[in-house]
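below is the sequence, then the predicted model.
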Amino acid sequence: MRIQDEQLKRFILDAGLITKADISAAEKIAKEEKRTLSEALIAHGHMTEDDMRRVESYVLGIPFVSLKDMKIDFEVLTLIPEPVARNHNIIAYKKSEDTLEVAMLDTADLPAIDFIKKKVGLRIQSRLTDTDSMRIALRQYQKTLKDEFGDLIMKDASELKVLSEAGSEVSEKELKQMAEDLPVVRIVDTLLRHAIIQGASDIHIEPMEEEVLVRYRIDGILNDAMKLPKMASDSIVARLKVLSNLKLDQKRLPQDGRFKMDMDGQKVAFRVSMLPVFYGEKIVMRLLRENRSGFSLEGIGFHGSTLERVHRATRATTGIILVTGPTGSGKSTSLYTILDLLNTPEVNISTIEDPIEYQMARVNQSQVKPEIGFTFAAGLRSLMRQDPDVIMVGEIRDEETASLAINAALTGHLVLATIHTNSAAGTIARLVDMGAETFLLVSTLRVAVGQRLVRKLCADKLPYILTKAERDELGEKVDMDHVLGVLREEGIVKKDATWNDISFYHPKERGESEDGYKGRMGIHEVLEISHTLKDMVMAGKTGDEIEAQARKEGMLTMLEDGIFKAAQGMTSVEEVLRVISE
């Protein structure tokens, strides 16, 4: 339900909130711009969105609630999943036997109300709230999760004392009993679930002298999650060894394993690495969310000319598309997104990977097993006999794999692969170092994509304009005129805009999140092999010379793409510099 323009006008004039002249001006604007009166009043600064919500609450008879000083019960808050709460600005804050009271910024969001009604099976009562209340309430998800999971784990850990007293001399049978005891089963399950909910990519469990430190890598940053009593160490290690099918009594050598769990319909694979350290065994688990789909190149950060260059390469039926960057820079996500574009009924796609990170329908995926001789090179040789149209190689690590990939591209296949270098231009030098023939390389390489992941700013952020000194400092690393030209060309800013017209943003700490960031996105450079670049490669030019020519041909470097995205308010300059300088 929304307030009609006449109803709103009458109330505002009766209450003396705005002058008649301002109302008349707003009505004229609303008519010209085809907006409602409330939208015109907000857009032109006569009222704020929160002022309008309070008016709406009064006129429509919808109760208004402030959540600023309210500690919401964990069980009530989590009746609405955090992503739904954030996307629809809706918070569950009070529950009775058959009713759930929810606070919203827009009570006319009927799809959100219907979804929650079906999910919880209760009658929904909508209340209006303000943006500050919503922001504070959304922060409670993180705090409450940490407190709730921490309490559960510490309670279970207190029950482990007797089990751990035997120390490292316990037998394999006793270790197995320890791993299957209810408290340790609950501790490990809770740790894993907490990590999934937090969006962690890795879990570190580190034994120390007097405690066990648990850390999660979230958005690329390693954070302390909790500390457990030292007595929990052996039980947790034993439990994870059982889950990963590892040797329980092997404590002196590293071990690697894998297991899966299903949480609320989401399948997550855990890649487990155990390493003996001074105080026990350190565990690192990589979380791989399976069956992920729906990515698009635009959604992961490609835009404008960088997007068009990748699309041109995918339209070719032969050649090599290389994605490069350090571990954890999103290379696999980019490759799978390209595969998703190519995955049509008339195409046969085969992959050789280590590990298989996402499972894709209609794609024949193979996992390398070097211990039995099934390497990337051996797998690629076999794939060539499987009548593929598109081949994806998880990583080009050696001369044999590089040579086979180039030959596959020469014999009529489109090859996708990753390689470890610092930049797109560096991929050519790396392949030449591996022994690739330059004349074959330039005949097959379509594009080299360099990338990194930067954290995204929360909606609640602090605007500022770059000073001349800051622009000059950035100008030593970035062609600021080129970035401004691309911003104008893509319609992000007006054609006559200067850097003095463009807002950048700092993160607002302790706003929507502790550090002002949530989620990550890619920054890219896409080097397309032109005729000039082919000649330069054949002439043995350096990576720096090749990059300089690519920039003349319009390539945005990763750093420039980062500044482009910072100028859109998607990330911050300091975050871009942190990632690129690493």
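Done, it's in.

roughly how far does residue 394 sit from residue 308?
27 Å (Cβ to Cβ, to the nearest Å). C-beta coordinates here come from the backbone N, C-alpha and C atoms, glycine included.

higher neighbour count, these two?
residue 394 (25 against 13; other Cβ atoms under 10 Å).

surely the more buried one touches residue 376?
Yes - checked against Cβ atoms under 8 Å, the pair residue 394 and residue 376 is within contact range at 6.7 Å.

list residues touching both of these two?
Each of 352, 354, 368 lies in contact with both residue 394 and residue 376 under the rule Cβ atoms under 8 Å, 6 or more residues apart in numbering.

rank those residues by pLDDT and give me only the lowest.
For these, the weakest pLDDT value sits at residue 354, with 85.

list the contacts for the residue nearest to that residue when sequence neighbours are not counted?
Spatial nearest neighbour of residue 354, chain neighbours left out: residue 368 (4.4 Å); criterion: Cβ to Cβ, 6 or more residues apart in numbering. Taking Cβ under 8 Å, 6+ apart, we find residue 368 in contact with 352, 353, 354, 374, 375, 376, 379, 394.

centre of the chain to the helix or strand residue 447 falls within, how far?
Taking DSSP states H and E as the definition, residue 447 sits inside strand 445-457. How far strand 445-457 lies from its chain's middle: 13 Å, per Cα atoms, centre = their mean, to the nearest Å.

pLDDT on stretch 43-61, on average?
For stretch 43-61, mean pLDDT is 74.

how distant is that stretch from the center of its chain?
Counting by Cα atoms, centre = their mean, stretch 43-61 comes out at 35 Å from the chain centroid.

list the buried ones in that stretch?
Across stretch 43-61, burial judged by 16 or more other Cβ atoms under 10 Å covers 46, 47, 50, 51, 52, 53, 55, 56, 57.

which of the contacts of residue 368 fall within strands?
352, 353 (DSSP state E).

please, a PyMOL command that selects the buried ones among the contacts of residue 368?
The following PyMOL line selects those of the contacts of residue 368 that are buried, judged by 16+ other Cβ under 10 Å:
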select buried, resi 352+353+354+374+375+376+379+394
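
point out the least confident one among the contacts of residue 368.
Out of these, that is residue 354, at 85.

OK, contacts around the residue lying closest to residue 37 once chain neighbours are set aside?
Leaving aside its chain neighbours, residue 37 sits nearest to residue 5 (4.1 Å; criterion: Cβ to Cβ, 6+ apart). Applying Cβ under 8 Å, 6+ apart, one finds that residue 5 lies in contact with 27, 30, 36, 37, 38.

pull out the buried members of the residues you listed.
By 16+ other Cβ under 10 Å, the contacts of residue 5 give 30, 37, 38 as buried.

hmm, who's touching the helix or strand where the last one lies?
Think residue 38. Using DSSP H and E, residue 38 sits in helix 37-43. Contact with helix 37-43 is made by 3, 5, 8-9, 18, 26-27, 29-30, 33, 35, 47-49, 52, 56, as judged by Cβ under 8 Å, 6+ apart.

next SSE downstream of it?
helix 49-60.

could I get the buried residue list for whichever helix or strand comes after that next one?
Using DSSP H and E, the helix or strand that follows helix 49-60 in sequence is helix 74-77. Neighbour counts using 16+ other Cβ under 10 Å place 74, 76, 77 of helix 74-77 among the buried residues.
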